[in-house]
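Student: Any chance you could fold what I've pasted below:
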Amino acid sequence: RVGAIHDPTTSRGIAHLAEHLLFRESSKYGGDEVYRLTFRYLGGPQGLGLKVETDYTSTYYGGQPVYYRKYMDLIMPMFVSLVQDRLITEFGMKTEKSAVHNEFYLTEEDVVEEKLLRLYYQNMYVTNPVRNSILGSPEDIEAITSNQIRSFVKRHYVGSNMFAIVFGPSRNESIKFARKYLDEWSYQGTAPKLNGENFDRIPIISSPKIAELPRLGLKRSYYLAM
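Tutor: Below is the predicted model of the structure:
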């Protein structure tokens with residue numbers, strides 16, 4: 001329950017950048033070990049089974065293709081360690097800011113479907129935060145400091161704001177597995193509540209809206225009409 005809608009208005013993209021930073025390394029699992037375990041059990045950073053991502057309402061650290069239960073006890077400690085230790089270094093900031101910068105241009109600026117989706121939300125809503133990019137803008141990302149990241153994580157990554165999804169075992173086994181790693185979570189407290197009354201939750205369209213996205217060099221344009 002920490003997504004892009006929880007970004008401060010002055011730090012768009014901070015939830016997504018925090019996700020990148022926390023997945024880099026921990027005191028127990030260095031970057032090479034995280035990479036090795038990710039490849040061996042989850043198909044690699046670009047694998048279809050890895051689910052380390054931020055959307056509008058949540059951030060996920062996990063993966064799907066852990067086919068043997070014995071591997072769950074190899075993967076879960078890594079993810080718990082990463083999110084508990086919260087190692088945020090200046091080197092990590094520089095590296096992950098560059099990664100997000102590339103992600104911005106490779107997806108939101110270069111994939112037509114992503115551009116159309118952004119236009120769709122921006123035309124549908126006036127104040128709802130889903131109209132903003134999950135990634136933020138290059139200028140937004142560059143301005144975020146390590147202290148802002150630490151403060152954001154401290155406020156939002158608390159036990160009451162977290163949940164675990166366990167596929168495969170029975171309900172009782174799943175509960176036992178989750179409690180084994182999460183019962184003594186270090187960070188307690190209440191996460192700040194998002195006031196939904198401050199933005200339009202249901203779009204009101206009183207007249208037609210039309211947005212045009214020209215794609216120079218492709219000899220075509222895309223239109224969005226509502």
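
Student: Next, give phi and psi for the most centrally placed residue in the chain.
Tutor: With distances taken as CA atoms, centre = their mean, residue 54 lies nearest the centre of the chain, 1.5 Å away. Torsion angles at residue 54 (phi, psi; degrees, to the nearest 10) stand at phi -120, psi 130.

Student: Can you list the buried residues in the lengthiest helix in the chain?
Tutor: Using DSSP state H to define each element, the chain has its longest helix at helix 69-85. Neighbour-count burial for helix 69-85, counted by 16 or more other CB atoms under 10 Å, picks out 72, 75-84. C-beta coordinates here come from the backbone N, C-alpha and C atoms, glycine included.

Student: Reformat those residues into TSV and put distance to residue 191 and pLDDT next to each item.
Tutor: Output for the buried residues of helix 69-85, formatted as TSV (distance: CB to CB, whole Å; pLDDT from 0 to 100):
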residue	distance to residue 191	pLDDT
72	27	89
75	25	91
76	22	93
77	24	94
78	24	95
79	19	94
80	18	94
81	21	95
82	19	96
83	14	94
84	16	94
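
Student: possible to save those residues as a markdown table with distance to residue 180?
Tutor: Shown next, in a markdown table, are these (distance: CB to CB, whole Å):
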| residue | distance to residue 180 |
| --- | --- |
| 72 | 10 |
| 75 | 13 |
| 76 | 8 |
| 77 | 10 |
| 78 | 14 |
| 79 | 13 |
| 80 | 10 |
| 81 | 14 |
| 82 | 17 |
| 83 | 15 |
| 84 | 14 |
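
Student: coming back round to it: list of residues touching whichever helix or strand comes after the longest helix of the chain?
Tutor: Using DSSP states H and E, the next helix or strand after helix 69-85 towards the C-terminus is helix 90-103. Residues outside helix 90-103 that contact it (CB atoms under 8 Å, 6 or more residues apart in numbering): 13, 16-17, 20-21, 24-25, 135-136, 138, 141-142, 144, 146, 149.

Student: Now list the buried members of those.
Tutor: When the contacts of helix 90-103 are checked for burial by 16+ other CB under 10 Å, the buried set is 13, 16-17, 20-21, 24-25, 135-136, 141, 144, 149.

Student: Brilliant, that's me finished.
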